[in-house]
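Undergrad: Just need the structure, nothing else, for what follows:
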Amino acid sequence: MRQVWITRRGAPEVLQVRETKDPMPQSGEALIRVKASGINFADILARKGLYPDAPKLPCVVGYEVAGEIEKIGDGVDESLVGKPVLAVTRFGGYSDQVILPAGQVFEKPKALSFEEAAALPVNYLTAYQLVIAMGGLKRDESVLIHNAGGGVGLAALELAKRIGAKTYGTASPNKHAFLLKRGLDHAIDYRQHDWLKILDQLTEDRGVELVLDPIGGSNWMKSYRALRSTGRLGFFGVSSLSGQGERSIWQLIKFLVQIPKFSPIRLMNANTGVFGVNLGHLWSEGGKIRAWMGTILQGVDEGWIHPHVDKSFPFDKASEAHRYIEERKNTGKVVLIP
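TA: Residues are numbered from 1 along each chain as shown. Take a look at the predicted model:
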């Protein structure tokens, strides 16, 4: 089989396509012939040596795939062979064949292409956990989505609109028209303006009930200041830790110094809350994942969930795909095609 390997820590050029022995499914497992693999920002961090959960280098990353079941192990329903599916993987997704427990496999909606299906699991499960499971967003509440043009941002926007919440989002100006077309109520240019001042103007200094922040560092405290009473701040990434180029000790020191400390007494007095989301640490919660995914797949069938794929790259161009994301060029998902 063919796989994209992170051969060592470094720039996108350290990604390399290698051929290895074809795998065979064991009891309870399914082998998927992969048609598309999703790329996530965690993969970028892993390549730079900034993602502690990643396997030891050299390794193959990738959290989600879409394709067809080609083989099964003992104890797996034989009728699954040949079915188009999508799946969440615990690394190894940058492969043209993936083996994983059958419980992590979901039937692909007919309305989605394989590329769109590969854009579904990580982004929408993360957004569901942020907006609904832990964020508890309600109708007529308001939410600020940082990096609204990213994969999780677009997924969160769809969930928030379905709930009936008012939506604000930070994004580069070139993404505003697209976001407004997708239903965002207010797009904020964070590059040319102080986004908190703009948000205060738009909300008449009330703030919002929910903020979703994948940035980290000093932005976390700024996001906390955007909350109104009963507001919640959800963390789900640290993109500020990874600028272009390789890791430096000064990057890490600056990031650590900027992490805010939230006092329980302060939270009680302000009637606010903070929480964190890391989908990669929920492998023991398979029942919850399947229930959340069931709601998401139902949303696809009902026509209110539309995963957006910005661009697809072949395995041989994986380094270009990483650079495309790293330079913040994407709106929505970027996927790899074996």
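Undergrad: alpha carbons only for contacts and neighbour counts from here, please
TA: OK.
Undergrad: Show me what the helix or strand harbouring Val34 is packed against.
TA: Using DSSP states H and E, Val34 maps to strand 29-38. In terms of contacts (3 or more CA pairs under 8 Å, 6 or more residues apart in numbering; DSSP states H and E), strand 29-38 is packed against strand 64-72, strand 97-101, helix 114-118, strand 333-337.
Undergrad: please redo it, this time with the cut-off set to 10 Å
TA: strand 64-72, strand 84-88, strand 97-101, strand 105-107, helix 114-118, helix 121-128, strand 309-314, strand 333-337 (3 or more CA pairs under 10 Å, 6 or more residues apart in numbering; DSSP states H and E).
Undergrad: Could you list every helix and strand that the helix or strand that that strand is followed by packs against?
TA: Going down the chain from strand 29-38, the next helix or strand is helix 41-47, by DSSP H and E. Here helix 41-47 touches strand 2-6, helix 318-326, going by 3+ CA pairs under 10 Å, 6+ apart.
Undergrad: Out of the ones you listed, which gets nearest to Ala119?
TA: helix 318-326 (14.2 Å; CA to CA).
Undergrad: what's next to the closest one, contact-wise?
TA: Applying CA atoms under 10 Å, 6 or more residues apart in numbering, the external contacts of helix 318-326 come out as 4-6, 11-17, 39-41, 43-45, 47, 94, 150, 239, 242-245, 311-315, 329-338.
Undergrad: tell me which residues in that helix are buried?
TA: 318-323, 325-326 (16 or more other CA atoms under 10 Å).
Undergrad: Also stretch 24-39?
TA: Neighbour-count burial for stretch 24-39 [16+ other CA under 10 Å]: 25-26, 29-39.
Undergrad: farthest-separated two in the residues you listed?
TA: Spanning the widest gap among the buried residues of stretch 24-39 are Gln26 and Ile39, at 26.6 Å by CA to CA.
Undergrad: Quick test: name the residue nearest the centre of the protein.
TA: Asn123 (3.7 Å; CA atoms, centre = their mean).
Undergrad: who touches that residue in this structure?
TA: 38, 40, 64, 150-156, 279, 307, 332-333.
Undergrad: what does Phe275 give?
TA: 130, 134-135, 212, 232-236.
Undergrad: That one bridge partners, please.
TA: When assigned by DSSP bridges, Phe275 has beta-bridge partners Gly234.
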